[in-house]
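K.L.:
Here is a sequence with its predicted model. Questions after.
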Amino acid sequence: MIITWQIGIRLAGIVLLAVVLQVSFFSYLSVLGATPDMLPVVIVILGLLGGAVTGAVAGFATGLIVDSVLLQTLGVSSLVLLSVGYVAGRYRERFEIDSLLAPALLAGGLTLLATAGFTTLQLMLGVEAAVSLLVVREVVVKALLAFLLTFPLYPLLRLVLRPALVLEEPPTRRRIFRNRRGGERLGRRHVRRAGRPRSTEGVV
Amino acid sequence: MYRKQVRRRRGILVALIVTSLVLLSAHFSEAESGPLHAIQRGVATVLSPLESVASEALKPGRDFVNWFDETFDARGENAELREQLAAAREELTEQQAAIGENEQFRRLLALDEDILAETSYEPVTGRVIARNPSVVNATIGVNVGSRDGVERDDPVISDDGLVGRVLDVTATSAQVQLITDPRNAVSARVLPEGPQGIVEPVAGNPDELRLDFISNDEEVEAGQILVTAGWSNEEISSAYPYGIQIGEITEVTDGDEELQKITVRAFADMRELQYLQVLTGGPVRPGVDR
C-alpha cells in the first residue's frame, strides 16, 4: 500500500468510523447470545490490504481510541489489535489472496484469538469473580460473526483504499486474459489479434 | 533493501508492543487524576457527541437486527406485560418490605443524619450512547457527565432496578460499571427479613448473579427479592443507598464451606438498557471516592 496523506486520512476515517459504529451499533446487538465485534475484522482487512506495518499501526491506533472512548485500561486493546493487524499483514506478504474465503477465515480465526487474548488480559488485570463457561461460547460465536462480517466489509474497504493498493488493477471493462506462452497479460483486443486466424486457409 | 524493510517492520512492531505495555502498566498503576487518565477523558469528551448522534441515528437499525434475534429466541415481550410485571414486582417488594417493617423501623431509629439524608439524591436522566463489546467488561457509556452533576461512584438505576455505579466521568459523558461486571460487588439484603450478603456477577454470563456469604443456617428460598443493603460504618460503606431493587433469587443450593450457593436474576435487563437515572448528590459515604 502506498501511504500518501490522502490515504492516511482515509485510514484514520475508517478507524474512527469503525470505533463509533462498534460502540454505538454493533455492541448493542445480540446475535446467538454474543455481541458482534467488527474491530478485529476491520484491522485484519487493513492488514491484508496494506501489509504488516499498516495493520499493526491501524490496530494500535484503533485500540487506543476504543480504550479511551470506553475509559478502560489504556493499552490492552492496542496490544491485542496490533498483533491481529501484524499477523494479517504478514499473511498477505506471504500468500496470494485469490478469494474472499481466505480473508473471512483469517478474520474469524484472528477474532477468536483476539477475543480470547483480550479476555485473558482483563482477567489477569484483577477480575476475581467466577468465570462462566458461556465465555467460551461467546468467543466462538464472535469468531463466527467476524467470519460473516468480512464478506461485506472486505470489498467495501478495498474499494475505499483502491488508489493506494499497489497490485490493484485499474477499473476497466476490458477483461484481462493470460497468454498461454509466457504468462504475459493481454487485453481482449490483443487476444483477438494474436489468437484468431485471419482466414480458414490451412486449418484442418 | 529487503533486509532493511524487515528490520524496519520488526522495529515498528517492537516499538508498538513496548508502547502498549508501557501505557498499560502506567495507566493501571496511575491515580485517577493522572495525566493518562486526563488525556483519555479528553478523547472521550471529544468523541461523546459523535457517539451520541450515531447511537440515536442507528437505533432503528439496532432495533431491526435485535428484533430478529429476539424472535428467534422467542423472547418477544410486549410493553404491556412488562409494565404489569414491573408493577407486580414493585407491589411484591412493598409487601415483603412491610412484613419486615418492625425490624426496619428499629434500624431507621438507629440511623444517623447521614443515612437519613439519602433522600437528598437528585436523579439525572441519561441515555445509553456506547457499549463495551468485551466478553468480560460490562460497562456502558451514558450522555450525562460532570457538568450535569454526575460524580464517580454515583449509583445508577433503571425503571427495573439497580444497574450499577459510575466508574469514570468526563464533562459530557460517564462510564457506568454494570452490576454484571466482574469487578463490581453490591452489598444486598434479602427481603423481608433475610440476611445480608454480597451480590457478585459471573464473568461472561450477563443473565446470572450470585449472592455470596450467606451461611447454610440462614433460611433463604427462591422467589425472595434482593435490595441494596446500603451498609455503612464510620470507615467504609456501600456506594448504594438502602432499598434499590436488585433482583430475585432463582435457585438455592448448599455450597462449599458452610455457605449457600444462591443464584440471582437481576431485574434490569442489561442488554436492553436505553434510559437510566444517575443518582447524583446524596450524602458523603465513608470510604466512597466522591
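P.N.:
Alright, I've got the coordinates.
K.L.:
make it CA atoms for all contacts and neighbour counts henceforth
P.N.:
Fine.
K.L.:
pLDDT weak spots in chain A?
P.N.:
Under the criterion pLDDT under 70, the flagged ranges of chain A are A:127-129, A:167-204.
K.L.:
Could you pull out the helices in it for me?
P.N.:
With DSSP state H as the criterion, chain A has helices at A:5-24, A:38-50, A:52-69, A:76-94, A:101-124, A:134-160, A:188-195.
K.L.:
how far does the longest one sit from the chain's center?
P.N.:
This means helix A:134-160. 10 Å (CA atoms, centre = their mean, to the nearest Å).
K.L.:
buried residues in that helix?
P.N.:
A:134-136, A:138-150, A:153-154, A:157-158 (16 or more other CA atoms under 10 Å in any protein chain shown).
K.L.:
Within reach of chain B, which of the residues you listed are there?
P.N.:
By CA under 8 Å from any CA of the partner chain, the members of the buried residues of helix A:134-160 lying near chain B are A:134, A:135, A:138, A:139.
K.L.:
Is the last one in contact with residue A:115, as I believe?
P.N.:
Yes: in this structure, residue A:139 sits in contact with residue A:115. The criterion is CA atoms under 8 Å, and the distance is 6.1 Å.
K.L.:
what do these two both touch?
P.N.:
residue B:135 (CA atoms under 8 Å, 6 or more residues apart in numbering or on different chains).
K.L.:
ok so, going back, of the ones next to chain B among the buried residues of helix A:134-160, which is the nearest to chain B?
P.N.:
residue A:135 (4.7 Å; CA to the nearest CA).
K.L.:
which non-adjacent residue is nearest the spatially most central residue of chain A?
P.N.:
Computing the C-alpha centroid of chain A and ranking residues by CA atoms, centre = their mean puts residue A:45 first, at 1.1 Å. Closest residue to residue A:45 apart from its sequence neighbours, by CA to CA, 6 or more residues apart in numbering or on different chains: residue A:154 at 6.1 Å.
K.L.:
Nearest to residue B:4 among the ones next to chain B among the buried residues of helix A:134-160?
P.N.:
Minimum distance to residue B:4 across these is 38.3 Å, recorded for residue A:139 (CA to CA).
K.L.:
who's in contact with the closest one?
P.N.:
By CA under 8 Å, 6+ apart, residue A:139 lies in contact with A:34, A:112, A:115, A:116, B:135.
K.L.:
Name the residues linked to residue B:262 by a beta bridge.
P.N.:
For residue B:262, the beta-bridge partners under DSSP bridges are residue B:211, residue B:252.
K.L.:
Now for the contacts of residue A:139: which two are most distant?
P.N.:
Taking CA to CA, no two of the contacts of residue A:139 sit farther apart than A:34 and A:116, at 13.8 Å.
K.L.:
How is the closest residue to residue B:264 other than its chain neighbours assigned, secondary-structure-wise?
P.N.:
Take residue B:264 and drop its neighbours on the chain: the residue closest to it by CA to CA, 6+ apart is residue B:249, 4.4 Å away. State at residue B:249, reduced to three classes by DSSP: H, G, I helix; E, B strand; the rest coil: strand.
K.L.:
tell me the domain boundaries of chain A?
P.N.:
A:5-164, A:173-204 (automatic domain parsing).
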